[in-house]
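Q: Give me a 3D structure for the following:
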Amino acid sequence: MSPISPSDSTIRLALSSAQLRQSSAAPSELEEEIIGLFDELRNRLLRYVLSFGLSSADGEEIIQEAFLALLQHMQQGRSRHNLRGWLFRVAHNLALKRLSGNGRRRDTVDLEAMGAEVHPDPAPSPEEQLAFSQRQIRLLAVLQALPAQDQRCLRLRAEGLRYREIADVLGMSLGSIAASLARSLARLGRADGR
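A: Next up, the predicted model:
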């Protein structure tokens with residue numbers, strides 16, 4: 001077994017976190033705050049990261065890296081303003097980095113990996129099931145035809161982020177976010193017959 005390199009910040013961060021837990025019986029306020037954020041945002045962050053076309057394993061790693069970065073950020077006494085938006089921005093950047101590092105990009109969305117059901121509840125009639133499936137396929141096709149930036153705006157909004165938070169995550173102006181969402185929602189509405 002090779003010795004751990006002290007220059008590896010991720011390992012040092014994990015070790016310092018483990019040492020914190022061992023040194024005190026009760027979790028610190030900082031740890032409790034991070035655990036609370038993890039419980040609140042993990043699934044939403046994972047869905048967003050998986051929308052980039054990454055595997056579940058890559059998505060889980062990115063979420064871990066994002067929360068380790070949050071721990072380090074907070075241990076250094078940096079701003080606690082809008083940590084939800086900050087986490088989405090870090091996860092967004094890590095997902096882009098992972099995509100470019102892997103040299104691949106999937107243009108399709110893996111609904112099963114995102115935790116969505118591919119088939120509706122078996123209780124509806126076969127006709128209702130067919131209509132629902134066709135609607136899903138039509139809306140998914142429209143979503144996939146949107147420019148990548150519009151897709152990301154829409155997905156972040158679906159995760160409950162406000163316009164300002166989306167603008168911070170994607171590095172866009174509020175006006176651009178509003179226009180992107182209006183365009184995307186109009187296209188989805190037309191595809192849905194509204």
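
Q: After the longest helix along the chain, which helix or strand is next?
A: As assigned by DSSP state H, the longest helix anywhere in the chain is helix 29-50. Following helix 29-50 in sequence order, the next helix or strand is helix 56-75 (DSSP states H and E).

Q: list the buried ones in that next one?
A: For helix 56-75, the neighbour count (16 or more other Cβ atoms under 10 Å) marks 58-59, 62-63, 65-74 as buried. C-beta: built from backbone N, CA, C; applies to glycine.

Q: Can you lay out the residues you listed as a markdown table showing distance to Tyr48 and pLDDT?
A: A markdown table is the format used below for the buried residues of helix 56-75 (distance: Cβ to Cβ, whole Å; pLDDT from 0 to 100):
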| residue | distance to Tyr48 | pLDDT |
| --- | --- | --- |
| Asp58 | 13 | 91 |
| Gly59 | 9 | 91 |
| Ile62 | 10 | 94 |
| Ile63 | 10 | 93 |
| Glu65 | 14 | 93 |
| Ala66 | 11 | 92 |
| Phe67 | 14 | 90 |
| Leu68 | 18 | 91 |
| Ala69 | 16 | 90 |
| Leu70 | 16 | 88 |
| Leu71 | 20 | 87 |
| Gln72 | 21 | 89 |
| His73 | 19 | 88 |
| Met74 | 21 | 85 |
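
Q: Phe88: neighbour count?
A: 25 (other Cβ atoms under 10 Å).

Q: Provide a list of residues in contact with it.
A: The neighbours of Phe88, taking Cβ atoms under 8 Å, 6 or more residues apart in numbering as the test, are 45, 48, 156, 159, 161, 165, 169.
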